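generate a structure from the sequence data that follows.
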Amino acid sequence: MPLLIDGVQLAAKPESANAFLKQFPKFKESSAVLTSQAPLVVGPEGLLYVGQREYGGTSPDDSVIRVIGSEDATTCHIGVLRHTGSGAVCLLHFDGCNTQQGVGSMVQVVKELSQGKAPGRLELHLVGGFDDERHNSDEVSLEIFGCLVQWQDDIHLVTACIGKHNTTFKRNIPFPIIYGLAVEVQSGKIFSATFPDHGPDIPARSARHFTGSHDNLPVYDHHRKQMVIGPFTYRQLGNLDQILGMPDRFYRQRLSTSPAQEPASFEQSVRTCLQFMKEHPEPMKTFFPGGKPHYFKKEPDGRWTLL
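Model prediction:
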């Protein structure tokens, strides 16, 4: 019995996110509570920030990480999987790539952290995406549901703040209400959030989205209590200099699934990422020499220090 809503099994992948929400109206109320919150600014102290196509998990035993979060989700979805007995939790930023591998990684992390702990069940919170005109959000939702309905473990869907439940309109243009989500490790509470600090190696982590692996990668070693980045590589863009010379509007219109809804920092983030790719055409040689990952220790003030 894979995906359960109030004990009822979702037998098949729904036709659309909104069809699913119509079938299960209970999610309207919980979504309204979540979307009514003003985003809480979460500082770097005790924070594990998870980027697009990344995941990270830990448990209440962790003395280093108190909050896990992610943002900049327009058509992307943020999933939070938690075990009610152990309190172990994992967050993943889904962008539609290798969704099955992503779900499997989340389940594996939470189950590993729950071994020998109190019995409980797996609960999932799914937040993100909106009623975009290109229906890219819908594709991400359906990818996730398609995996969950076939999953061997019982997973109880507690929150589904997706589709129309996460949509507002500005000048008749749809926008997501929630762009960022955080979870408190101790309590399991989720809340709308924004994060001034996204952690180390952001240009490298972002470069992978363009031409790198489609796998969802871990960014936290819960055994060592350290952040881990890489190693990974990507294909070099042959016309990189030409792309770097393009105006900002090119990046927004050609490199985003939701141009109107991207944050103001989108263009600069893309430029920084592309410049990194130019400086490191072979990252396994120059950025991850010897194919070794970067390990970081969390300092009391929230900074990550390279070891």
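
only C-alpha atoms from now on, for both contacts and neighbour counts.
Noted.

so which helix or strand takes in the residue nearest the centre of the chain?
Centroid check for the chain by Cα atoms, centre = their mean gives H93 as the closest residue, at 1.3 Å. Using DSSP states H and E, the secondary-structure element containing H93 is strand 89-94.

other residues contacting that strand?
Residues from elsewhere that reach strand 89-94, judged by Cα atoms under 8 Å, 6 or more residues apart in numbering: 50-59, 68-70, 73, 76-83, 102, 106, 109-110, 140, 185, 188.

of these, buried ones?
Buried members of the contacts of strand 89-94, scored by 16 or more other Cα atoms under 10 Å, are 50-59, 68-70, 73, 76-83, 102, 106, 109-110, 140, 185, 188.

got the CA positions of the strand holding H93 in PDB?
What follows is strand 89-94, C-alpha atoms only, in PDB (Å, rounded to 0.1, in the frame of the first residue of the first chain):
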ATOM      1  CA  VAL A  89      13.600  14.100   8.400                       C
ATOM      2  CA  CYS A  90      14.800  14.600   4.900                       C
ATOM      3  CA  LEU A  91      14.100  17.500   2.500                       C
ATOM      4  CA  LEU A  92      14.500  17.400  -1.300                       C
ATOM      5  CA  HIS A  93      14.100  20.100  -3.900                       C
ATOM      6  CA  PHE A  94      12.400  18.300  -6.900                       C
END
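
what pairs with it, parallel or antiparallel?
Using DSSP bridges, the strands paired with strand 89-94 in its sheet are strand 54-58 (antiparallel), strand 77-83 (antiparallel).

next one: it to chain centre, how far?
5 Å (Cα atoms, centre = their mean, to the nearest Å).

mind listing what's buried in that strand?
89-94.

kindly report the same for stretch 36-43.
Residues of stretch 36-43 classed as buried: 39, 42 (neighbour count, 16+ other Cα under 10 Å).

quick one: it to chain centroid distance?
Stretch 36-43 sits 17 Å away from the centroid of its parent chain (Cα atoms, centre = their mean).

stretch 236-246 now?
Here the centre of stretch 236-246 is set off from its chain's centre by 27 Å, with Cα atoms, centre = their mean.

who touches that stretch?
Contacts for stretch 236-246 (Cα under 8 Å, 6+ apart): 211, 271, 274-275, 277-278, 281.

output it as CSV, nothing but the C-alphas.
The C-alpha trace of stretch 236-246 is given here as CSV (Å, rounded to 0.1, in the frame of the first residue of the first chain):
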residue,chain,number,x,y,z
GLN,A,236,30.9,22.3,-21.3
LEU,A,237,28.7,24.6,-23.4
GLY,A,238,30.3,25.3,-26.8
ASN,A,239,28.8,28.8,-27.1
LEU,A,240,29.5,29.8,-23.5
ASP,A,241,31.1,33.1,-24.3
GLN,A,242,28.2,34.1,-26.5
ILE,A,243,25.7,33.2,-23.8
LEU,A,244,27.7,35.2,-21.2
GLY,A,245,27.4,38.2,-23.6
MET,A,246,23.6,38.0,-23.8
